[in-house]
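Chemist: sharing a model that was predicted from the sequence below.
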Amino acid sequence: MPPVIGVLALQGAFAAHAESLRRCGASTSEVRTPGDLAAVDALVMPGGESSTMSQLLESSGLFTAVAARISKGMAVLGTCAGMILLASEVLDGRSDQRSFSTLDISVRRNAFGRQIDSFEASIDTPEGPFHGVFIRAPRIERVGPGVDILGSLDGEPVLVRRGNVLAASFHPELAGDDRLHGYFVSVVSPGDVPDGHHRAGAGPAGAAVDTRERKREG
């Protein structure tokens, strides 16, 4: 049986995530309530506006339910705003914004620029280049011990993992490349990766890395 991967459907491009996951062999389900969450094996948290998503998670009753599932080992992929919601430290977050503090990283919202500054670039990964779409993208300014860097842009981490929790600064659902979603499916179902999809290798784990002095060129 393929895993059922929920896609948080409160805001953002959740439909595009679901399409990529289905192409990778997973079943998908939109998650809007705690009851929806109870029926899935894993969760994708898409991009959007992180403070708004935090408020919607609270008002829907999902925040506590998602936190409980993550603490019990549920696999999660957070992209863009979803990454902010997983971070242990949001450097410029609003006072009423909550995060799940699942990944020991520090992030800064919109640090790659506003909507007008959106760009596309090649990301370095152990599996080779991956086309990254950056839209109001957050920047990872610190990576804590035990967090693996799986992808980087000009030396800066943009794709990280700890255990079965993955986070990306960019929008893989808009890349026209399903490898990252296929990798997530493999995390949910170890040893069961659909044909044509490749596992990404684990990045180097180690001591905390402060990336604030690294500047993107070009």
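Modeler: Yep, it's here.

Chemist: now do the helices in this structure.
Modeler: Secondary structure of the chain by DSSP state H: the helices cover 14-23, 34-38, 50-59, 62-71, 81-86, 179-188.

Chemist: reformat those as TSV; add mean pLDDT, distance to residue 147 and mean neighbour count.
Modeler: No exception for glycine: its C-beta is placed from N, CA and C like everyone else's. As requested, the helices of the chain are arranged in TSV below (pLDDT from 0 to 100; distance: least, CB to CB, whole Å; neighbours: other CB atoms under 10 Å):
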stretch	mean pLDDT	distance to residue 147	mean neighbour count
helix 14-23	95	22	20
helix 34-38	97	25	15
helix 50-59	91	19	19
helix 62-71	96	15	17
helix 81-86	95	11	26
helix 179-188	94	15	23
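
Chemist: hang on, residue 156 packs against residue 137?
Modeler: No: look at residue 156 against residue 137 with CB atoms under 8 Å: they stay out of range, at 10.8 Å.

Chemist: higher neighbour count, the two?
Modeler: In this view residue 156 and residue 137 are compared by other CB atoms under 10 Å, and residue 137 has more residues nearby, 27 against 20.

Chemist: doesn't residue 80 make contact with the more buried one?
Modeler: Yes: look at residue 137 against residue 80 with CB under 8 Å: they come within range, at 6.1 Å.

Chemist: tell me where the model's unsure across the protein.
Modeler: Where the chain drops to pLDDT under 70, the residues are 93-95, 111-117, 190-218.

Chemist: for this structure, which residue occupies the most central location?
Modeler: By CA atoms, centre = their mean, the chain has its centre lying nearest to residue 78, at 2.2 Å.

Chemist: can you name the residues that contact that one?
Modeler: With contact taken as CB atoms under 8 Å, 6 or more residues apart in numbering, residue 78 is in contact with 44, 45, 84, 85, 86, 165, 166, 167, 168.

Chemist: now it, which residues is it bridged with?
Modeler: residue 45, residue 167 (DSSP bridges).

Chemist: would you quantify the distance from it to residue 60?
Modeler: 17 Å (CB to CB, to the nearest Å).

Chemist: check residue 174 too.
Modeler: From residue 174 to residue 60 the distance is 25 Å (CB to CB).

Chemist: in this structure, which spans are strands?
Modeler: Ranges of strands in the chain, per DSSP state E, are 4-8, 27-31, 42-45, 75-79, 87-90, 103-108, 119-123, 130-134, 139-143, 148-153, 156-162, 165-168, 209-210.

Chemist: make CSV out of these and add distance to residue 14.
Modeler: CSV is the format used below for the strands of the chain (distance: least, CB to CB, whole Å):
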stretch, distance to residue 14
strand 4-8, 5
strand 27-31, 7
strand 42-45, 8
strand 75-79, 10
strand 87-90, 20
strand 103-108, 21
strand 119-123, 21
strand 130-134, 16
strand 139-143, 23
strand 148-153, 22
strand 156-162, 20
strand 165-168, 15
strand 209-210, 31
